[in-house]
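Trainee: here you go, sequence then predicted model.
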Amino acid sequence: MKKQIAVIGLEMHCEMKSNSKVFSSAANSYNETPNSNIQLLDMAFPGTLPVVNKKCVKDALKVSLALNCSQPEYMYFDRKNYYYPDLPKGYQITQMDSPVGVNGKIEIEVNDKLIPVLIHDVHLEEDTASLDHYFDTSTIDYNRCGVPLLELVTEPCLHSAEEAVAFINHIIQMYRYMDVSDADTKRGQVRCDVNVSIMDEDAKDFGTRVEVKNVNSISGVQDVINYEIKRQTELKEQGRYSEVEQETRRWNEETMSTIRMRSKVDAIDYKYFVEPNIPKYRITKEWLSEIKSEIPKLHLERKYNYIESLGLSSYDAGVLVKNKDISDYFEECVKIGIDAKMASNWITTSIMGYLNNEEIDIKDFYINPKRLKDLIDAINSGVISNKQAKEIFNKVLETKKEVKDFLSSDNAQISDADTLISLIDNILGNNKAQIDDYHNGKTNLFDYFVGQVMKETRGKANPVLTKEILNKKLNS
Amino acid sequence: MVDKSILEIHKALENGTITSAELVNESLNKSREVQEKYNAFVSIIADAKGTDVTDSLVSGIPFGVKDNFSTKDILTTGSSNTLNNYVPIFNATAVGKLLNAGAVITNKTVLDEFGLGGTGTTGHTGVVKNPWDITRMCAGSSAGSACAVAAGVYPFALGSDTGDSVRKPAAYCGIVGYKPTYGMISRFGLFPFASSLDTVGVLTRNVEDAAIVTDVMKGKDSHDMTTWDSSNMHLKNALTGDVKGKKLFYIKELCDINNYNNPSKELVEHLENFHKTLWLCKELGIEVSGESIDQEILNAIGSVYVVISCAEATSNLSNLTGIIYGPRSDKKNINDMMIDYRTEGFSPLIKRRLVIGSYVLQKENQERYFKNAQKLRRLIVNLMKEFFEKYDGLILPVSCGSAKLLDGSIDKVSREAMALEDHLQIGNFGGFPSITIPNGFVNDLPVGVNITGNCYDDENVLNLAYALESKMPCKNQIAKEAN
């Protein structure tokens, strides 16, 4: 059999961030108590009407622009009609005819290489209610019903699970950078439909496409793709490729396999038509350019900037851009004059360590770039050692004081040569025997003298200067 | 007293010659009588109470609400078994505004199930009879509202109009039916039939009352994106009666008796009566001209309406599954539950329309039916807008004559006459303001004439109707049962 290429397309649904739902005034926030975030429309009481949340439209357009899509002249919605208990209206308000974005293209990074991904479209729609099934009953929680969803559809242009996962992570980063979504996979905010087919390496036409619906984790996407490639390839090897049908399957996490739901022949006709309760809304050029100006520099661009202009390693740059707030913090540090590498070292070790332990956000972190600069300046000017800097770092956090409060008096490093010389003279005077032994060849006693100085100063003597003076006194 | 005009009643309330409580009582008593005779109501609000009289002209005055308007704590069925136990937790905006102004609901009126019908015979509580002749229909779907206003239960009742649901029953019952420009009154809380056509309307016994009630109900609503700001419009104040120099047109093909093969005696009289009304217009100083519209287009109106309205209805009524509200089926499986509930709950007529709606929306049929209907709708609307550049309005007779018999022994309406039955739907295609007023009698039964104008030109349209009304003896008429 010829070498096989996998062809993968993704439909990625992501819940958006907003105060209220996309068409109702109920709060859009995660709530443990079922049916507590609901308004009349969310249960489709007769006579209720959708009212579009402008913030959601704006954020959707922001994503559309960031994906380099083209935007429609008018914003409007379509109804997707089907019966299911998680859809109280009997239709979902979505965008079929005229999505917020079409024909986009972005680059993502896979194994340190950039590959292009083509975006078919991105559209704004509403989420459904959530169902729980028990032995003989099912319960419906309408909290999620009407939560804004952004659905991003790629062209079939990905070729491995690795690429697909990289793409999803890339998009999650983008959404978080633009603050349009928390993209929290643990809360089920990201869900994917995965399309997989295989084809001969040199073939022109795609193979038979299988769609796996509603995969709600990134590892799930990876497993689904690997499973389907294997399943389809094995069937092909056995000469049974005709058994691969154009069909919809679902992923069973327990058995780690996909299960047939329905074939193409039974595909649902959603009877789309334009939602008449929402008037067409003109998207002006002015509004678009205003939205565009609000898009921050995204993670990949920042990463390459850190490597190329600031001389960071690819690894460190990657760590810094993982979270926009940390990246913003780093950029502020550089802006106010901290050496980029030093800032990077402090952030990726002490600071991120602290944030992780305390589970706090860098925005709430007491040592802001200004304070970090005070600390690093003190190191650079030799006022304190690195070790002391760590201690002061902790003390500042503990006491919520300023760095300078710990540089003065007894806390500061002793870097004054005269003070150290008199101190060392004193110590040497009390250790005549050790000096003789040193001169007779016990050179490791040098460290003993250093230790004595440190003991005397409770570790505050500038170690470099101490060694320099001792060296002079003992060896000249 | 409840059979008088709003202004007369308001004056009496202010003078203290009658109280709101007495009016409500009178309206409730009349409701019971009318219910017995014509079966116009789904519910009579027996515990309705009088309110304080304020500056608002509708304060203290009883009114009726079509049972497809959501009313808080009051059973609202849409005249359907699918919602025969549904008590809403909120008021429709239009209803809420009237209640806030101090008006009092004394009953909920019968409609064709969810508004999908034009006879007043398909509600779950049975047939509504015409108060002028109980062997005849009121037309629909606002049958109960038209019946009750004609019978003098109160000066006004709410209706909704998707094709002609306010304006045709008004004609059959000898009263005024007004459908304002689309979006002038919020649809929030109105059970949807076809959202792009649905309009809140009002049934009254004179044009001024229609203006007064609409002034209270209209306005932008944050719950309905299709509403617009009409705060600079005062319909009642616009009724000057001065219409000199205004221009109306009628469609020649519909109004020329020679265009009909073997016209019935009724149609002949109806059109003669209409031409008399045109003379009255001329006496008022209105210029009236005939314009020609391609018969093909006129004949297509009904089909365009059926395709679009049924398609939207199929989707709009999809929330009716019996899961959240309505009598839930006791079937064990969710699909069986929904199927059972809808099979049991909907009447055959509505099922037929839902099947049509579903059919025209199917992928393989959409282009041929739904999209084509939309194209034709646009074409008709554009044609009308061109006319409205020259004219203040379109004037046409309503229907082929007076109220039809209930027993179904209607002569088959000819193809040309179908357009006469359907033309009011043009008003919904374009969202145009449109008003029907009574213009006399054929066979001792009332008939109506309609004036339709351009969007946002409600003041002009109402003033034309107001002036014309003053030339005819039908203003404020109460149904007298004929035999």
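Mentor: Yep, it's here.
Trainee: shouldn't residue B:179 be in contact with residue B:427?
Mentor: Yes. With contact defined as Cβ atoms under 8 Å, residue B:179 counts as touching residue B:427 (6.1 Å). Backbone N, C-alpha and C define where each C-beta goes, glycine included.
Trainee: what touches both of those two?
Mentor: Shared contacts of residue B:179 and residue B:427, defined by Cβ atoms under 8 Å, 6 or more residues apart in numbering or on different chains, are found at B:161, B:167, B:433-434.
Trainee: where does the stretch 201-350 of chain B come near chain A, residue by residue?
Mentor: B:222-226, B:311-312, B:314-315, B:317-321, B:323-325, B:334-335, B:338 (Cβ under 8 Å from any Cβ of the partner chain).
Trainee: one more pass at 6 Å, please.
Mentor: B:224-226, B:315, B:318-319, B:323-324, B:334 (Cβ under 6 Å from any Cβ of the partner chain).
Trainee: point out the least confident member of those, please.
Mentor: Checking pLDDT across those, the minimum falls on residue B:334 at 89.
Trainee: about what we covered before: could the shared contacts of residue B:179 and residue B:427 go into a markdown table alongside secondary structure and distance to chain A?
Mentor: As requested, the shared contacts of residue B:179 and residue B:427 are exported to a markdown table (DSSP: H, G, I helix; E, B strand; the rest coil; distance: Cβ to the nearest Cβ, whole Å):
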| residue | secondary structure | distance to chain A |
| --- | --- | --- |
| B:161 | strand | 16 |
| B:167 | helix | 21 |
| B:433 | coil | 18 |
| B:434 | strand | 19 |
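Trainee: so what touches stretch A:44-57?
Mentor: Outside stretch A:44-57, the residues that touch it by Cβ atoms under 6 Å, 6 or more residues apart in numbering or on different chains are A:16, A:18, A:20, A:22-23, A:40-41, A:88-89, A:93, A:148, A:277-278, B:70, B:92, B:188-191, B:224-225, B:319.
Trainee: and that stretch, how far out from the chain's middle?
Mentor: 30 Å (Cα atoms, centre = their mean, to the nearest Å).
Trainee: stretch A:325-343 too?
Mentor: On Cα atoms, centre = their mean, the centre of stretch A:325-343 falls 19 Å from that of its chain.
Trainee: end to end on that stretch, go ahead and measure it.
Mentor: For stretch A:325-343, the first-to-last residue distance is 14 Å (Cα to Cα, to the nearest Å).
Trainee: just the buried residues of it, please?
Mentor: A:326-334, A:338, A:340, A:342-343 (16 or more other Cβ atoms under 10 Å in any protein chain shown).
Trainee: check what pLDDT the residue of chain A found nearest chain B gets.
Mentor: Residue of chain A nearest chain B, by Cβ to the nearest Cβ: residue A:90 (2.2 Å). In this model, residue A:90 is scored at 97, pLDDT.
Trainee: which residues are in contact with it?
Mentor: For residue A:90, counting by Cβ under 6 Å, 6+ apart, the contacting residues are A:83, B:318-319.
Trainee: try it again with 7 Å
Mentor: Counting by Cβ atoms under 7 Å, 6 or more residues apart in numbering or on different chains, residue A:90 touches A:81, A:83, B:315, B:318-319.
Trainee: helix/strand/coil for the residue nearest the centre of chain A?
Mentor: In chain A, the centroid-proximal residue (Cα atoms, centre = their mean) is residue A:173; its distance is 4.1 Å. Counting by DSSP: H, G, I helix; E, B strand; the rest coil, the backbone at residue A:173 sits in helix.
Trainee: wait, it sits on residue A:301?
Mentor: No. Using Cβ atoms under 7 Å, residue A:173 is not in contact with residue A:301, being 11.4 Å away.
Trainee: what's the longest helix along chain B in contact with?
Mentor: Counting by DSSP state H, the longest helix found in chain B is helix B:295-316. Helix B:295-316 is contacted from outside by A:79, A:81, A:90-91, A:273, A:276, B:116, B:162-163, B:192-197, B:253-254, B:353-354, B:356-358, B:360-361, B:369-370, B:373-374, B:376-377, B:380, B:415, B:418-419, B:422-423, B:425-426, using Cβ under 7 Å, 6+ apart.
Trainee: quick check on these: which are buried?
Mentor: Buried among the contacts of helix B:295-316 by 16+ other Cβ under 10 Å: A:79, A:81, A:90-91, A:273, A:276, B:116, B:162-163, B:192-197, B:253-254, B:353-354, B:356-358, B:360-361, B:369-370, B:373-374, B:376-377, B:380, B:418-419, B:422-423, B:425-426.
Trainee: ok now stretch B:66-75, how far from the chain's centre?
Mentor: 17 Å.
Trainee: circling back to that earlier point, and the gap between the residue of chain A closest to chain B and residue A:225?
Mentor: 34 Å (Cβ to Cβ, to the nearest Å).
Trainee: keep only those of the contacts of stretch A:44-57 that are in strands.
Mentor: Judged by DSSP state E, the subset of these located in strands is A:93, A:148.
Trainee: would you show me how to pick out the buried ones of the contacts of stretch A:44-57 in PyMOL?
Mentor: In PyMOL syntax, the buried subset of the contacts of stretch A:44-57 is picked out as below (16+ other Cβ under 10 Å):
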select buried, (chain A and resi 16+18+20+22+23+40+41+88+89+93+148+277+278) or (chain B and resi 70+92+188+189+190+191+224+225+319)
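Trainee: now, which of the contacts of stretch A:44-57 lie within helices?
Mentor: The helices, defined by DSSP H, take in nothing from the contacts of stretch A:44-57.
Trainee: for residue B:179, give me the pLDDT.
Mentor: 98.
Trainee: ok, it - contacts?
Mentor: B:161, B:166-167, B:199, B:201, B:427, B:433-434.
Trainee: list just the nearest of these to residue A:152.
Mentor: The closest of those to residue A:152 turns out to be residue B:199 (Cβ to Cβ; 38.5 Å).
Trainee: and the pLDDT for that closest one?
Mentor: In this prediction residue B:199 is given a pLDDT of 98.
Trainee: thought it was touching residue B:182?
Mentor: Yes. Between residue B:199 and residue B:182 there is a contact under Cβ under 7 Å: 5.6 Å.
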